[in-house]
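**Student:** The following block contains a protein sequence and its predicted model.
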Amino acid sequence: MVGHMKTTIEIADALLAEARRLADREGTTLRALVEAGLRETLQARRRRSSPFRLRLVTFAGDGLQPGVAEGDWERIRQLAYEGRGA
């Protein structure tokens, strides 16, 4: 069984009027509309607050090309732009 609690909140008049019109058009209650909005907002914030996890990606191969493993940045740049007119 779901429990309910009465509470009072202050809502801007224009927002409340718009919410009442929407609830009336959709054949629902203001309470149901407010509860649905709160659920959606809470769920979105839970998703946003979960930490980002970088997935592990690996590549098969024999390592770096000859001449690159030593960290010669000029050679790395040449290889990166090779055949691109740079």
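**Tutor:** Nice, I can see it. Residues are numbered from 1 along each chain as shown.

**Student:** Only C-alpha atoms from now on, for both contacts and neighbour counts.
**Tutor:** Fine.

**Student:** how about the helices in the protein?
**Tutor:** Here the chain has its helices, by DSSP state H, at 13-26, 30-49, 73-81.

**Student:** For the shortest one, give the mean pLDDT please.
**Tutor:** For helix 73-81, the mean pLDDT works out to 82.

**Student:** Going by neighbour count, which residues in that helix are buried?
**Tutor:** Buried residues in helix 73-81, counted by 16 or more other CA atoms under 10 Å: none are found.

**Student:** Alpha carbons of stretch 64-77, in PDB - could you do that?
**Tutor:** C-alpha atoms of stretch 64-77 as PDB (Å, rounded to 0.1, in the frame of the first residue of the first chain):
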ATOM      1  CA  LEU A  64      53.800   1.500 -32.500                       C
ATOM      2  CA  GLN A  65      55.400   1.800 -35.900                       C
ATOM      3  CA  PRO A  66      59.200   1.700 -36.000                       C
ATOM      4  CA  GLY A  67      60.600   5.100 -35.300                       C
ATOM      5  CA  VAL A  68      57.600   6.200 -33.200                       C
ATOM      6  CA  ALA A  69      58.200   4.300 -30.100                       C
ATOM      7  CA  GLU A  70      61.100   6.500 -29.100                       C
ATOM      8  CA  GLY A  71      58.700   9.500 -28.800                       C
ATOM      9  CA  ASP A  72      60.000  11.500 -31.700                       C
ATOM     10  CA  TRP A  73      57.200  14.100 -31.900                       C
ATOM     11  CA  GLU A  74      58.200  15.500 -35.200                       C
ATOM     12  CA  ARG A  75      58.100  12.000 -36.700                       C
ATOM     13  CA  ILE A  76      54.700  11.400 -35.100                       C
ATOM     14  CA  ARG A  77      53.400  14.600 -36.700                       C
END
